[in-house]
Structures are given as structure tokens and as C-alpha cells.
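**Student:** attaching a predicted model along with its sequence, questions to come.
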Amino acid sequence: MIFATSTAVLTELFHPVVDDAKTWAFIRSGAVTVLPIGDRDLPDLDALMRKYRDRPMEFADATLVHLAHRESLTTVFTVDRDDFETYRIGGRKRFRILPER
């Protein structure tokens, strides 16, 4: 299984990490693909964060929801289960959330 993520999520990942070396080894192993977020994506991220402002949606979460829509992905690996049970891909489709309960 290959995981896709954004640099915003990597920023959140490295913040609480105790062993950077193991985290870097995992990321560089090829198990993780960092998908680009560019200037063209920013309006969509802004729209998502406004749509879910009552949560409120963090920028990193917005990148994952946007990338899921853009790349036709439906599964998310997260500890933010409550948030991702609320978020929708393309405004309609629910995420499959891992780990499962």
C-alpha cells in the first residue's frame, strides 16, 4: 500500500515526533508519495476551509480532502476520525477511514 500526503500534513507529522530518523526512513522508503499543492489549488482549499469553518477545518486537512477529490482517492489514514467522518470528497462522497474501529 502506498500512502499519499501533502507537505502540510508532513509539517503536522514532524511536530510531535520524537524520532525524526525513523519518520524520515518511512517517508523515504517509497511508502509515501508527497503530492503537490500549487497556486491553482489555493482557491479550492480556501473554499473547503470556509465550507467547514464550523469544525474548523485545518489547512492540512483541507489539503487531504482536496487531494482526495483531485486524485480520485477515497481512503484516509487519520487520527482525526471525527473530522473526516464529516468531510466529503467532492462535497458528496464519504471517506473510508483507517484505522477502522
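**Tutor:** Cool, got the structure.

**Student:** now do the strands in the protein.
**Tutor:** 3-5, 32-34, 75-77, 88-89, 93-94, 96-98 (DSSP state E).

**Student:** would JSON lines of these with mean pLDDT and mean neighbour count be doable?
**Tutor:** (Each C-beta comes from the backbone N, C-alpha and C, glycine too.) Putting those into JSON lines (pLDDT from 0 to 100; neighbours: other CB atoms under 10 Å) gives the following:
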{"stretch": "strand 3-5", "mean pLDDT": "94", "mean neighbour count": "17"}
{"stretch": "strand 32-34", "mean pLDDT": "95", "mean neighbour count": "13"}
{"stretch": "strand 75-77", "mean pLDDT": "95", "mean neighbour count": "16"}
{"stretch": "strand 88-89", "mean pLDDT": "96", "mean neighbour count": "18"}
{"stretch": "strand 93-94", "mean pLDDT": "96", "mean neighbour count": "12"}
{"stretch": "strand 96-98", "mean pLDDT": "96", "mean neighbour count": "14"}
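
**Student:** and of these, who's closest to residue 55?
**Tutor:** When the strands of the chain are compared by CB to CB, strand 88-89 sits nearest residue 55, at 12.4 Å.

**Student:** off-centre distance for that closest one?
**Tutor:** Put simply, strand 88-89 sits 12 Å off its chain's centre (CA atoms, centre = their mean, to the nearest Å).
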